[in-house]
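> After the sequence you'll find the predicted model.
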Amino acid sequence: GILCRLYFFDFLQVPHTVIKLMIGVIIGIIARYRNLDLFQDMIKKWVDINPEVLRVIFIPILIFNCAFNTDVHVLQREFWQVITLAGLGTCISAFLTNLLLLNLLPYNWDWPLRVAMGAVINA
């Protein structure tokens, strides 16, 4: 993550989370079409992970990151706009992502987990 932020952020001018996502997609594509045992084992472990572990580990990290990087003065000045747009927009997009996850992924996740995953993906 640090290397992405140091080297690719200035070059590509996109957020480091997008760069990390693209690196993960590239690794996944390479692992799918090449017989790389290291990546196959790693991907198998991630596919078989308990969804509760994802919820417990990643959501606090995302909340802390957003809270730590928030400019309090701007938030106080534009509070109602943030609540209206971000709150309602995240709820709508989380619900739509919930429907996509229900139809596209082969996991038997329950409704609250799909909504949480939709909120994480859309945040």
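The structure has been received and is ready for your questions.
> Let me know the outermost residue of the protein.
Arg77 (27.8 Å; Cα atoms, centre = their mean).
> Could I get the pLDDT score of it?
Listed pLDDT for Arg77 reads 91.
> What separation do you get for it and Asp71?
Distance of Arg77 to Asp71, given as Cβ to Cβ, to the nearest Å: 10 Å. Where C-beta positions appear, they are placed from N, C-alpha and C, glycine not excepted.
> Over to Leu88?
The spacing between Leu88 and Asp71, counted by Cβ to Cβ, is 22 Å.
> do the same with Val25
As judged by Cβ to Cβ, Val25 and Asp71 stand 31 Å apart.
> could you pull out the helices for this protein?
Per DSSP state H, the chain carries helices over the ranges 2-3, 9-12, 16-33, 37-47, 51-68, 72-77, 79-82, 88-104, 111-122.
> winner for burial among these?
helix 111-122 (a mean of 16; mean count of other Cβ atoms under 10 Å).
> Report all helices and strands that that helix contacts.
Contact analysis of helix 111-122 by 3 or more Cβ pairs under 8 Å, 6 or more residues apart in numbering; DSSP states H and E lists helix 51-68, helix 88-104 as its packing neighbours.
> Contacts made by it with the rest, please.
51, 54-55, 58-59, 62, 90, 93-98, 100-102, 109 (Cβ atoms under 8 Å, 6 or more residues apart in numbering).
> and if we set it to 10 Å?
Residues from elsewhere that reach helix 111-122 (Cβ atoms under 10 Å, 6 or more residues apart in numbering): 51-52, 54-55, 58-59, 62, 89-102, 105, 107, 109.
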